[in-house]
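S.K.: Build me a model:
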Amino acid sequence: MSGGRILVAAAALFLACDAGPLDLTGLRCDDGRPCGDGWFCHQGSCLADGTPVDAGVDAGVDAGVDSGVDAGLDGGDDAGVDAGADAGLDGGDDAGVDAGPEDAGIPLDVNLLANPGFESSRSDGGVPSWRGSPGLVVTTTIRRSGARAARLESTGTQQQPALLPSSPTPGTELGMLFCARVWVRGEPDAGVDATLFIRDRLADGGIQSSAGMRVNNIQDMWRELREEHVSFGGGSIEFRLVSASRLDAGDGLYVDDAQLFRTSATVCP
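M.R.: Here you go, the predicted model:
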């Protein structure tokens, strides 16, 4: 056989035996077992060079971006709607409760009288927040509690002096229940009669008064008077203590621990 024929036969034999490059796709790989030339290891499997792997990355990125945007939009919309709904409901409910009759006008269970224990006094002996009509109100150390009390004195013959706050409390409404209390005492040698009233002072200038609670012959022991009154509304409410005895100038009675309040109960305590 000539040399040329031998070369042709060898080439044909090589072509017949060459099976082409190995397909390593999917072959398990790691850092200790690489895939070889023309391949690369991706997530534990061999892939041929040039195989696209962006889909997973892009999907992750896009999913993250999309979910973030959607979450932001949905969250904003939902939050706005929910906040609006909640604010409307809560605001409506709260406004209705807060502005209800229990808070309207005059607060509940609060003493409406300023200087109720007559502890404050002026340099001339007068008592702030109180007045006599008629009569004179002065400070005294003959007291039931605290350091001072008030003395209501007659300024004329056969006078029935009365003790009132300097100004009534405005804001009454029909049906409000008011309660009043006060402690009084007279002199050891002269008993005195006293009556406690609660009065509506109406916007038209009229007056509606409670029936009054009276205690007779009060001497040198403190006695409590209590009164209650349902308001006619549309005006102011006033505490009024009157000497039911006709006194001469300088005579009087002692007063301490006065209260006037709108009660939250159905009856006065």
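S.K.: what are the ranges of the strands in the stretch 51-200 of the chain?
M.R.: Assigned by DSSP state E, counting those that start in this stretch, the stretch 51-200 of the chain shows strands spanning 130-132, 136-140, 149-153, 162-165, 169-170, 177-185, 192-202.
S.K.: could you dump those to TSV with distance to G233 and mean neighbour count?
M.R.: Every C-beta, even on glycine, is put in place using the N, C-alpha and C of the backbone. Listed next are the strands of the stretch 51-200 of the chain as TSV, based on distance: least, Cβ to Cβ, whole Å; neighbours: other Cβ atoms under 10 Å:
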stretch	distance to G233	mean neighbour count
strand 130-132	25	20
strand 136-140	29	20
strand 149-153	30	24
strand 162-165	20	21
strand 169-170	11	16
strand 177-185	12	22
strand 192-202	8	21
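S.K.: now the ones you listed in JSON lines, with mean pLDDT?
M.R.: What follows is the strands of the stretch 51-200 of the chain, written out as JSON lines (pLDDT from 0 to 100):
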{"stretch": "strand 130-132", "mean pLDDT": "97"}
{"stretch": "strand 136-140", "mean pLDDT": "98"}
{"stretch": "strand 149-153", "mean pLDDT": "98"}
{"stretch": "strand 162-165", "mean pLDDT": "98"}
{"stretch": "strand 169-170", "mean pLDDT": "96"}
{"stretch": "strand 177-185", "mean pLDDT": "98"}
{"stretch": "strand 192-202", "mean pLDDT": "97"}
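S.K.: To P107, which of these lies closest?
M.R.: Between P107 and the strands of the stretch 51-200 of the chain, the shortest gap by Cβ to Cβ is with strand 169-170, which sits at 10.1 Å.
S.K.: So what's the residue count around the residue nearest to A190 when sequence neighbours are not counted?
M.R.: Ranked by Cβ to Cβ, 6 or more residues apart in numbering and with sequence neighbours excluded, the top spatial neighbour of A190 is D251, at 7.0 Å. Close neighbours of D251, defined as other Cβ atoms under 10 Å, add up to 19.
S.K.: Okay, now the unreliable bits of the stretch 101-250 of the chain?
M.R.: Low-confidence segments of the stretch 101-250 of the chain, defined by pLDDT under 70, are located at 101-104.
S.K.: one more time with 90
M.R.: The stretch 101-250 of the chain contains residues with pLDDT under 90 at 101-105, 187-191.
S.K.: Out of the strands of the stretch 51-200 of the chain, flag the one nearest P269.
M.R.: Evaluated with Cβ to Cβ, the strands of the stretch 51-200 of the chain place strand 177-185 nearest to P269, the distance being 7.0 Å.
S.K.: who does the closest one touch, helix- and strand-wise?
M.R.: Strand 177-185 sits against strand 192-202, strand 213-218, strand 223-230, strand 235-243, strand 252-262, with contacts defined as 3 or more Cβ pairs under 8 Å, 6 or more residues apart in numbering; DSSP states H and E.
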